[in-house]
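S.K.: how would this look folded up:
(one chain, ligands or ions: 1)
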Amino acid sequence: MTATTQPAGASKGINALGLRKSYGEKVVLDGVDLQVAPGTIFALLGPNGAGKTTSVQILSTLISADEGQATVAGHSLEQDPDAVRSEIGVTGQFAAVDGLLTAEENLELIADLLHLDKAEGKRRAAELLERFELTDVAQKSASNFSGGMRRKLDLAMTLVGKPSIIFLDEPTTGLDPRSRRTMWQMIRDLVAGGTTIFLTTQYLEEADQLADRIAVLDGGKIVAEGTADELKRRIPGGYIKLRFDDARHLDAAAHTLSQATRNDEDLTLQIPSDGSIPALRQVLDGLERSGIHAEALTVHTPDLDDVFLALTGQGRKTATTDSATAVKETQR
Ligand SMILES: Nc1ncnc2c1ncn2[C@@H]1O[C@H](COP(=O)(O)OP(=O)(O)OP(=O)(O)O)[C@@H](O)[C@H]1O
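M.R.: A predicted model of the protein is given here:
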């Protein structure tokens, strides 16, 4: 990694510039820039083998980049990895829970590793067991835990050291929908308390639900970055749908909005649109000028699956397929 000096007032979040990493001939990261604001959730998406785990490993000091520079929690990865380590927590794809120990022992072990004194370690373990609703099973061996319970315990173990930044590498892989939602709520609670979350996931819904910003990694590069809504607007296939209460209004609107496709059966008009506020305003102003009353308006944007497929070249699925599965309806 090239030398870096910690910029004055470096963000307490994550800032990475030009990260490169190769394994032999294989270029895994080919100049990756990442910015994560403190107290936000950032999701890194990418197909299998895109380099998500490698990015987490670099930013959490487990491995070094070949080139590039980064600060994590305001500390340079290269110059002050210990300071970075003292600020972060990492949970990997394979929970670090020791099945031979009880939940409480797992937590106390981490407290020991962090050199907390015994009383403080016990207090912290008890607090986390309660927060994660694991008090009832505190004395049970973790080998008997369900996947969801292991994940909760794993996250609790990460929190023993009170990290300001947590890397969650595919935190809900293999969890059932209920456990996934429980984990999402825990992640939201952490962020509400000021923690910064760097998340990798293959579940686009997870990124959509949780992330303030999303970056899509493909071919070693960030191919898109933005909020979920910004990413959805980048690909075609969105539209505004207007419903009218009678055929007279439908006729008048179809006349005014010449680019619209009409459906006489359900008295709707569909207008291609990126779903942005200016686009909505233009349509509504047009209707108002002509004195046309629309009963309902819905905005349809491509979902993150469409974005992912379009951006990562993982296949072709255009948002214009217009099926209930391809296009998500967002009532605004
Ligand atoms: N230690 C290593 N030695 C050689 N190649 C590696 C090593 N670690 C990762 N790779 C390769 O780097 C590429 C990126 O791997 P990485 O695990 O970062 O991808 P990922 O996006 O996390 O994938 P997944 O979603 O499948 O977990 C893969 O092709 C992988 O085989």
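
S.K.: going by C-alpha atoms from here, please, whenever you check contacts or count neighbours.
M.R.: Noted.

S.K.: show me the contact partners of stretch 259-266.
M.R.: The list of residues contacting stretch 259-266 from outside it, by C-alpha atoms under 8 Å, 6 or more residues apart in numbering, reads 243, 247, 254, 268-272.

S.K.: change it to 10 Å
M.R.: 239-247, 250-251, 253-254, 268-272 (C-alpha atoms under 10 Å, 6 or more residues apart in numbering).

S.K.: out of those, which sit inside strands?
M.R.: Judged by DSSP state E, these include 239-243, 268-272 as members of strands.

S.K.: tabulate the CA atom coordinates of the helix or strand harbouring residue 310 in PDB.
M.R.: Secondary structure from DSSP states H and E places residue 310 in helix 304-312. Coordinates of each C-alpha in helix 304-312 appear next as PDB, following Å, rounded to 0.1, in the frame of the first residue of the first chain:
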ATOM      1  CA  LEU A 304     -32.700  -3.300  -7.300                       C
ATOM      2  CA  ASP A 305     -32.700  -6.700  -9.000                       C
ATOM      3  CA  ASP A 306     -33.100  -4.800 -12.300                       C
ATOM      4  CA  VAL A 307     -30.400  -2.400 -11.400                       C
ATOM      5  CA  PHE A 308     -28.000  -5.200 -10.300                       C
ATOM      6  CA  LEU A 309     -28.700  -7.200 -13.400                       C
ATOM      7  CA  ALA A 310     -28.300  -4.200 -15.700                       C
ATOM      8  CA  LEU A 311     -25.100  -3.000 -14.100                       C
ATOM      9  CA  THR A 312     -23.200  -6.200 -13.400                       C
END
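
S.K.: tell me if that helix is near the ligand.
M.R.: No. Judged by C-alpha under 6 Å from any ligand atom, helix 304-312 makes no contact with the ligand; its nearest approach is 12.2 Å.

S.K.: quick revisit: the contacts of stretch 259-266, buried ones only, as a PyMOL selection?
M.R.: PyMOL command restricting the contacts of stretch 259-266 to the buried ones, with burial defined by 16 or more other C-alpha atoms under 10 Å:
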select buried, resi 239+240+241+242+243+244+250+251+253+254+268+269+270+271+272
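
S.K.: so which of the contacts of stretch 259-266 also contact the ligand?
M.R.: Answer for these near the ligand: none qualify (C-alpha under 6 Å from any ligand atom).

S.K.: that older thread, just the buried residues of the helix holding residue 310, please?
M.R.: Within helix 304-312, the residues scored as buried using 16+ other C-alpha under 10 Å are 304-308, 310-312.

S.K.: thought residue 129 was touching residue 153?
M.R.: Yes. Residue 129 lies in contact with residue 153 (C-alpha atoms under 10 Å); the separation is 8.0 Å.

S.K.: okay, and the common contacts of those two?
M.R.: 103-104, 107, 138.

S.K.: if we can go back for a sec, can I get the buried residues of helix 304-312 in JSON lines including pLDDT and distance to residue 61?
M.R.: Formatted as JSON lines, these follow (pLDDT from 0 to 100; distance: C-alpha to C-alpha, whole Å):
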{"residue": "304", "pLDDT": "78", "distance to residue 61": "30"}
{"residue": "305", "pLDDT": "77", "distance to residue 61": "31"}
{"residue": "306", "pLDDT": "77", "distance to residue 61": "33"}
{"residue": "307", "pLDDT": "79", "distance to residue 61": "31"}
{"residue": "308", "pLDDT": "82", "distance to residue 61": "28"}
{"residue": "310", "pLDDT": "80", "distance to residue 61": "32"}
{"residue": "311", "pLDDT": "81", "distance to residue 61": "29"}
{"residue": "312", "pLDDT": "81", "distance to residue 61": "27"}
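
S.K.: need the max-distance pair from these.
M.R.: 304 and 312 (11.7 Å; C-alpha to C-alpha).

S.K.: what sits closest to the closest residue to the ligand within the stretch 51-200 of the chain if chain neighbours are left out?
M.R.: At 3.2 Å from the ligand, residue 51 is the closest residue in the stretch 51-200 of the chain, using C-alpha to the nearest ligand atom. In this structure, residue 51 finds its nearest non-sequential neighbour in residue 28, 5.7 Å apart by C-alpha to C-alpha, 6 or more residues apart in numbering.

S.K.: element containing that neighbour, please.
M.R.: Taking DSSP H and E as the definition, one finds residue 28 inside strand 26-36.

S.K.: who does that strand pair up with?
M.R.: Using DSSP bridges, strand 26-36 pairs in its sheet with strand 14-23 (antiparallel).

S.K.: chain center to the strand it pairs with: distance?
M.R.: 19 Å (C-alpha atoms, centre = their mean, to the nearest Å).

S.K.: which residues are in contact with residue 287?
M.R.: Counting by C-alpha under 10 Å, 6+ apart, residue 287 makes contact with 249, 252-253, 256-257, 281, 293-294.

S.K.: can you do 7 Å?
M.R.: residue 253 (C-alpha atoms under 7 Å, 6 or more residues apart in numbering).

S.K.: which parts of the protein sit against the ligand?
M.R.: Residues of the chain lying near the ligand (C-alpha under 6 Å from any ligand atom): 23, 28, 46-54.

S.K.: among those, which are located in strands?
M.R.: 23, 28.
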